[in-house]
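Trainee: predicted coordinates and the sequence they were generated for:
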Amino acid sequence: MHLLDTVKQHLIKIKTRINNKYLTGNPDHRLIAWSENPEAASLSKWWQQGIPNIDDVLHTAKHPRSTTLKWFGMDTEKSFEDTKPPHADWNFTKDNVNYTFNSLGYRGAEPDKDADYKVLLVGDSHGFGVGLDDKQIWAHQLKMFLQEQYSNCNIINLSLPGGSNDWIGRTVSCAYDSIKPDCVIVCYTYPNRREAIWDSGLLWQLNTSIPKNPVQSEYEEFQSWFMTINEHSDYYNLMRNHQLVSLACRDAVLIESHVTDLQVIQTNLNKILGYNDVARDCKHFGPKVHQHYADKIYRMFRDRQKQK
């Protein structure tokens with residue numbers, strides 16, 4: 001079916017839904033209940049208070065929990081075997097990268113309500129640390145800095161590989177009250193990424209690529225969605241999520257950064273080292289970039305403390 005015909009059919013569905021649920025004397029009972037008490041219930045499962053269930057985001061696929069893996073995501077054993085070391089200082093092996101997952105399916109330590117200082121960290125695969133060992137990622141490096149001041153520091157890392165700025169804004173907003181962090185650190189991702197929900201009810205982290213083997217109806221939805229992505233909508237969406245994060249973090253130290261900061265660090269290091277510092281998968285930033293980025297975030301943290 002031609003894309004335009006699909007769009008026309010979908011417009012008919014939208015108009016029918018509007019007429020039946022909003023322009024009649026019998027509007028959707030869920031809206032009525034919500035409008036009477038907005039804090040009592042959510043109209044969307046994706047906006048429930050608390051830490052998001054990562055299995056929902058992955059379309060009910062079971063995410064690793066309470067375990068340590070040697071490989072994850074794009075960092076596969078096969079790709080490693082097929083990769084030629086990019087430079088002499090690239091010291092990765094099959095055994096020197098560990099991915100530790102907590103009971104919620106996120107990378108890192110369990111949330112600790114009794115910690116002296118709690119940090120909520122949200123980002124994408126660069127916050128997660130694809131291709132790097134637990135101790136190489138910038139979240140761990142930052143914790144080493146913070147422990148000089150707070151011996152029992154708890155970093156709750158809710159970064160999601162492939163995550164969008166929508167994911168970052170929604171996660172901070174939903175998880176804030178349950179975690180009650182002293183500090184929130186977000187590293188916004190590439191602005192073209194989005195969250196979108198299809199007629200099937202599935203929420204997708206869109207990254208300007210179509211997932212493998214979608215059904216025809218979903219393929220057409222992906223096509224039509226990408227027609228809305230442009231630089232104007234990218235920055236509109238980034239600023240919207242920035243505002244959402246800022247409003248949510250009313251009592252915490254807030255540090256906002258962007259993935260381009262890591263890119264700048266990598267570029268500057270290249271001038272010194274003569275190569276790009278990359279992770280084991282050769283696609284994500286390497287341990288030196290993470291170390292310098294952790295130092296940058298910690299300096300921003302100290303500056304925020306002085307301002308309070």
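Mentor: Alright, I've got the coordinates. Numbering: from 1, shown residues only.

Trainee: helices and strands around the helix of greatest length in the chain, which ones?
Mentor: Within the chain, and with DSSP state H defining each element, the longest helix by residue count is helix 287-307. Counting by 3 or more Cβ pairs under 8 Å, 6 or more residues apart in numbering; DSSP states H and E, the packing neighbours recorded for helix 287-307 are helix 138-146, strand 183-188, strand 253-258, helix 259-273. The way it works is simple: take the backbone N, C-alpha and C, and place the C-beta from them, glycine included.

Trainee: try 6 Å this time
Mentor: If you count contacts as 3 or more Cβ pairs under 6 Å, 6 or more residues apart in numbering; DSSP states H and E, helix 287-307 packs onto helix 138-146, helix 259-273.

Trainee: figure out how far it is from the centre of its chain.
Mentor: Relative to its chain's centre, helix 287-307 lies at 20 Å (Cα atoms, centre = their mean, to the nearest Å).

Trainee: buried residues in it, which are they?
Mentor: 287, 288, 289, 290, 291, 292, 293, 294, 296, 297, 298, 301 (16 or more other Cβ atoms under 10 Å).

Trainee: can you name the next helix or strand after the helix or strand of the chain with the lowest mean pLDDT?
Mentor: None of the helices or strands of the chain scores lower by mean pLDDT, DSSP states H and E than helix 216-226, at a mean of 62. Remark: after helix 216-226, the chain's next helix or strand is helix 231-248, criterion DSSP states H and E.

Trainee: what helices or strands is that following helix leaning on?
Mentor: helix 165-179.

Trainee: mind listing residues that contact the helix it packs on?
Mentor: 49-52, 120, 122, 156, 158, 160, 186, 188-189, 194-195, 238, 241, 244-245, 248 (Cβ atoms under 6 Å, 6 or more residues apart in numbering).

Trainee: buried ones only from these, please, as a ChimeraX command.
Mentor: To isolate the buried subset of the contacts of helix 165-179 in ChimeraX, counting by 16+ other Cβ under 10 Å, use the following:
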select :51,52,120,122,156,158,160,186,188,189,194,195,238,241,244,245,248
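
Trainee: leaving out sequence neighbours, find the closest residue to residue 114.
Mentor: Excluding the flanking residues, the one nearest residue 114 by Cβ to Cβ, 6 or more residues apart in numbering is residue 152, at 7.8 Å.

Trainee: was I right about the one you found contacting residue 116?
Mentor: Yes. Assessed by Cβ atoms under 6 Å, residue 152 is found in contact with residue 116 at 4.1 Å.

Trainee: which one of the two is surrounded by more residues?
Mentor: A direct count of neighbours by other Cβ atoms under 10 Å for residue 152 and residue 116 places residue 116 higher, at 14 against 11.

Trainee: the more buried one touches residue 150, doesn't it?
Mentor: Yes. Using Cβ under 6 Å, residue 116 is in contact with residue 150, at 4.7 Å.

Trainee: any buried residues in stretch 249-259, and which?
Mentor: Buried-residue list, stretch 249-259, by 16+ other Cβ under 10 Å: 249, 252, 253, 254, 255, 257, 258, 259.

Trainee: which of the residues you listed sits closest to residue 199?
Mentor: Nearest to residue 199 out of the buried residues of stretch 249-259 is residue 259 (Cβ to Cβ; 31.3 Å).

Trainee: quick one: the closest one and residue 189 touch, right?
Mentor: Yes. Residue 259 is in contact with residue 189 according to Cβ under 6 Å; the separation is 5.4 Å.

Trainee: on that earlier part again, distance of the residue nearest to residue 114 relative to residue 182?
Mentor: In this view, residue 152 and residue 182 are 12 Å apart by Cβ to Cβ, to the nearest Å.

Trainee: in which helix or strand does residue 35 reside?
Mentor: With DSSP H and E as criterion, residue 35 is part of helix 29-36.

Trainee: just the CA trace of that helix, in PDB.
Mentor: Extracted in PDB, the C-alpha atoms of helix 29-36 (Å, rounded to 0.1, in the frame of the first residue of the first chain):
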ATOM      1  CA  HIS A  29     -14.700   7.300  31.400                       C
ATOM      2  CA  ARG A  30     -11.000   7.200  32.000                       C
ATOM      3  CA  LEU A  31     -10.700  10.900  31.100                       C
ATOM      4  CA  ILE A  32     -13.500  11.800  33.400                       C
ATOM      5  CA  ALA A  33     -12.000   9.800  36.300                       C
ATOM      6  CA  TRP A  34      -8.600  11.400  35.700                       C
ATOM      7  CA  SER A  35      -9.800  14.900  35.400                       C
ATOM      8  CA  GLU A  36     -11.600  14.600  38.800                       C
END
